[in-house]
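**Student:** I'll drop the sequence and a predicted model, then ask my questions.
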Amino acid sequence: MTETSKANLPAATVNGDMLQRARENLRLACDKLNIHPDVFEELKWPRETLAATLLIRMDDGSRRAFQAWRCRYNDRRGPTKGGVRFHPRVTLDEIETLAFWMTFKCAVANLPFGGGKGGVCVDTKTLSPTELERVSRAYIEAFASFIGPDRDILAPDMYTNGIVIAWMSDEYSAITGHPSPTAITGKPIAFGGTEGRTDATARGGYYTLRYLESSLGLDPDKSSVAIQGFGNVGYHCAKLLHADGYRIVAVSDSRGGVYDPDGLDPLSVMEHKHKTGSVVGAKGHGKTRKISNAELLELECDVLVPAALEGQITTENCDRVQARVVLELANGPVSAEADARLTANGQIIVPDILANSGGVTVSHLEWVQNRSGYYWERSRVRDALRSTMETETQAIWTLHNELGVSMREAAYVHGLRRIAEAVEARGTQAYFDGQ
Ligand SMILES: NC(=O)c1ccc[n+]([C@@H]2O[C@H](COP(=O)([O-])OP(=O)(O)OC[C@H]3O[C@@H](n4cnc5c(N)ncnc54)[C@H](O)[C@@H]3O)[C@@H](O)[C@H]2O)c1
């Protein structure tokens with residue numbers, strides 16, 4: 001049994017300066033590009049954010065309250081789109097900032113979507129499967145009138161796996177009174193999901209990296225990769241790069257990591273994780289040793305792939321990051337200040353809004369298939385994903401060189417131009433002044 005009630009925003013969760021920093025960067029970009037002030041004015045704040053408290057009956061009969069949010073940041077280019085994150089330290093500031101980034105990510109990938117995001121403040125590891133189901137269903141109950149196939153489309157994020165998404169989709173269908181697969185993407189195939197969604201985020205980043213390989217001076221047979229986070233994204237990235245000859249020298253999860261200069265086999269590391277709950281203790285091809293997540297970020301390697309949390313590379317540790325290329329599969333793993341220092345040092349950061357946009361790109365294809373009722377083969381999904389990633393990577397790499405800016409700035413310019421077009425198409429001050 002679950003109950004849900006709407007709540008005012010608790011003061012503790014509105015603190016934080018992530019969104020403020022994102023906004024400042026946006027103002028700089030708008031000024032630099034001479035973007036119409038209407039655009040900045042529109043992107044300053046989320047269009048709407050709803051907060052709710054999920055009241056859950058626990059297995060032992062007790063009652064627990066979980067804070068939850070859903071943010072629709074900007075919908076000028078289409079319905080808002082973004083994942084739902086279950087994490088014990090998730091905050092409103094984080095959700096709104098992630099929704100802001102989704103607005104740009106969808107524009108970078110040229111999808112007919114705006115940006116949204118949701119989250120629940122919950123440690124899923126402390127819940128039984130039945131409690132997790134109640135939380136997942138309660139989330140949809142709380143936000144059912146806020147979301148929808150043409151309004152706000154949900155997707156997985158951290159700790160919201162296939163079954164959580166299936167419960168959410170099932171609950172939404174129960175509330176609407178008919179099967180409604182289109183409001184939530186990332187569904188299992190049997191629930192109207194698409195082929196090729198499971199590894200789409202990692203695969204998109206992989207297509208981008210492979211496309212830039214020669215420009216970045218990477219040779220798969222000689223290059224080493226360290227990956228932070230061994231969940232959906234980290235594991236599939238390791239598998240794809242390993243299959244092409246890259247040496248995966250380190251991986252980690254929330255309990256720590258393993259390092260082996262002779263390389264690790266992602267499949268056998270995953271087997272170990274299934275058996276023990278962690279990558280720690282897995283054996284590679286040589287002398288494998290345990291490392292901390294902090295050590296992993298500072299290893300000597302060619303490519304570093306943050307695929308866990310945001311805020312991992314900051315001014316505190318960026319000077320010790322040795323990787324030549326950072327492929328941001330997590331959202332926001334490198335702070336703006338650290339980004340500037342790494343860039344000044346000649347290290348290339350392939351930014352999140354490009355590198356991890358494969359997930360939302362395939363989510364769009366799932367939405368298209370749900371709407372048409374015609375389902376594609378995996379090869380068609382992968383071909384479409386590859387085409388999108390290569391087109392947008394090429395455009396951003398060209399801007400990076402032409403404007404002499406970092407890849408992140410180039411990606412924001414690319415996305416901002418598209419969002420600006422959608423805002424300006426509705427008329428700006430000049431139009432209404434009759435000038
Ligand atoms: N899944 C997607 O389609 C998708 C799309 C775009 C972006 N992302 C981003 O990719 C990242 C990973 O998402 P996922 O879907 O793989 O999540 P997941 O829940 O499947 O995996 C997360 C992994 O991170 C590890 N982790 C948690 N805390 C950690 C810490 N402090 N240090 C190191 N590892 C830690 C977990 O143990 C787990 O291995 C997130 O930042 C997410 O926002 C995911």
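**Tutor:** Ah, there it is.

**Student:** show me what contacts the nearest residue to R378 once chain neighbours are set aside?
**Tutor:** Excluding the flanking residues, the one nearest R378 by C-beta to C-beta, 6 or more residues apart in numbering is E195, at 3.8 Å. (Each C-beta comes from the backbone N, C-alpha and C, glycine too.) Going by C-beta atoms under 8 Å, 6 or more residues apart in numbering, E195 touches I189, Y375, W376, E377, R378, V381.

**Student:** Just the buried subset of those, please.
**Tutor:** Buried members of these, counted by 16 or more other C-beta atoms under 10 Å: W376, V381.

**Student:** Which members of the contacts of E195 occur in helices, if any?
**Tutor:** Using DSSP state H, the subset of these located in helices is R378, V381.

**Student:** Turn the contacts of E195 into CSV, columns for pLDDT and distance to R417.
**Tutor:** Output for those, formatted as CSV (pLDDT from 0 to 100; distance: C-beta to C-beta, whole Å):
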residue, pLDDT, distance to R417
I189, 94, 36
Y375, 97, 34
W376, 98, 30
E377, 98, 34
R378, 98, 33
V381, 98, 27
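
**Student:** May I ask which helix or strand encompasses the closest residue to L403 other than its chain neighbours?
**Tutor:** Leaving out its chain neighbours, the residue that sits closest to L403 by C-beta to C-beta, 6+ apart is A410, at 6.5 Å. Here A410 sits within helix 407-424, counting by DSSP states H and E.

**Student:** Please name every helix or strand in contact with that helix.
**Tutor:** Counting contacts by 3 or more C-beta pairs under 8 Å, 6 or more residues apart in numbering; DSSP states H and E, helix 407-424 is packed against helix 18-33, helix 37-43, helix 92-108, strand 348-350, helix 352-355, helix 378-403.

**Student:** Hmm, G82 and G116 touching each other?
**Tutor:** Yes - using C-beta atoms under 8 Å, G116 makes contact with G82 at a distance of 3.9 Å.

**Student:** what touches both of those two?
**Tutor:** Listed as contacting both G116 and G82 by C-beta under 8 Å, 6+ apart are C71, A99, M102, I153.

**Student:** Buried ones among these?
**Tutor:** C71, A99, M102, I153.

**Student:** closest to T276 among those residues?
**Tutor:** Nearest to T276 among the buried ones among the shared contacts of G116 and G82: M102, at 34.3 Å, using C-beta to C-beta.

**Student:** Look up the closest residue to the closest one, ignoring the ones flanking it.
**Tutor:** Nearest non-adjacent residue to M102 (C-beta to C-beta, 6+ apart): G115, at 3.2 Å.

**Student:** State the next helix or strand along the chain beyond the helix or strand encompassing the one you found.
**Tutor:** Per DSSP H and E: G115 is located in strand 114-121. Per DSSP H and E, the first helix or strand lying C-terminal to strand 114-121 is helix 129-143.

**Student:** got the angle between that next one and strand 114-121?
**Tutor:** Relative orientation of helix 129-143 and strand 114-121, computed by axes from the mean of the first three to the mean of the last three C-alpha atoms, to 10 degrees: 140 degrees.

**Student:** residues from the stretch 101-250 of the chain in reach of the ligand?
**Tutor:** Residues of the stretch 101-250 of the chain lying near the ligand by C-beta under 6 Å from any ligand atom: P156, D157, M158, Y159, T201, Q228, G229, F230, G231, N232, V233, G234.

**Student:** Save the residues you listed as CSV, and put in neighbour count and pLDDT too.
**Tutor:** As requested, those are exported to CSV (neighbours: other C-beta atoms under 10 Å; pLDDT from 0 to 100):
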residue, neighbour count, pLDDT
P156, 25, 90
D157, 22, 90
M158, 21, 87
Y159, 20, 91
T201, 27, 95
Q228, 25, 98
G229, 27, 97
F230, 25, 97
G231, 16, 94
N232, 22, 90
V233, 27, 95
G234, 24, 98
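
**Student:** quick check: angle from the strand holding G115 to helix 92-108?
**Tutor:** Using the same axes, to 10 degrees: strand 114-121 against helix 92-108 is 150 degrees.

**Student:** what's the angle from strand 114-121 to helix 407-424?
**Tutor:** 120 degrees.

**Student:** if we can go back for a sec, rank the helices and strands packed on helix 407-424 by pLDDT, which is bottom?
**Tutor:** Note on the helices and strands packed on helix 407-424: helix 18-33 shows the lowest mean pLDDT, a mean of 84.

**Student:** what's near enough to touch the residue lying closest to G148 once chain neighbours are set aside?
**Tutor:** Among residues not flanking G148 along the chain, A183 sits closest, at 5.4 Å (C-beta to C-beta, 6+ apart). Counting by C-beta under 8 Å, 6+ apart, A183 makes contact with I147, G148, P149, I153, L154, S169, Y172.

**Student:** what does T361 give?
**Tutor:** Contact analysis of T361 by C-beta under 8 Å, 6+ apart lists A109, L111, A200, G204, A384, L385, T388, M389.

**Student:** closest to the ligand among these?
**Tutor:** Checking these against the ligand with C-beta to the nearest ligand atom, the nearest one is A200 at 6.5 Å.

**Student:** Show the model's pLDDT score for the closest residue to the closest one other than its chain neighbours.
**Tutor:** Closest residue to A200 apart from its sequence neighbours, by C-beta to C-beta, 6+ apart: V362 at 3.6 Å. Looking at V362, its pLDDT reads 97.

**Student:** ok but V362 is inside a helix, no?
**Tutor:** Yes - judged by DSSP: H, G, I helix; E, B strand; the rest coil, V362 forms part of a helix.

**Student:** can you pull the contacts of it?
**Tutor:** V362 neighbours (C-beta under 8 Å, 6+ apart): T194, G196, R197, A200, G204, V381, L385.
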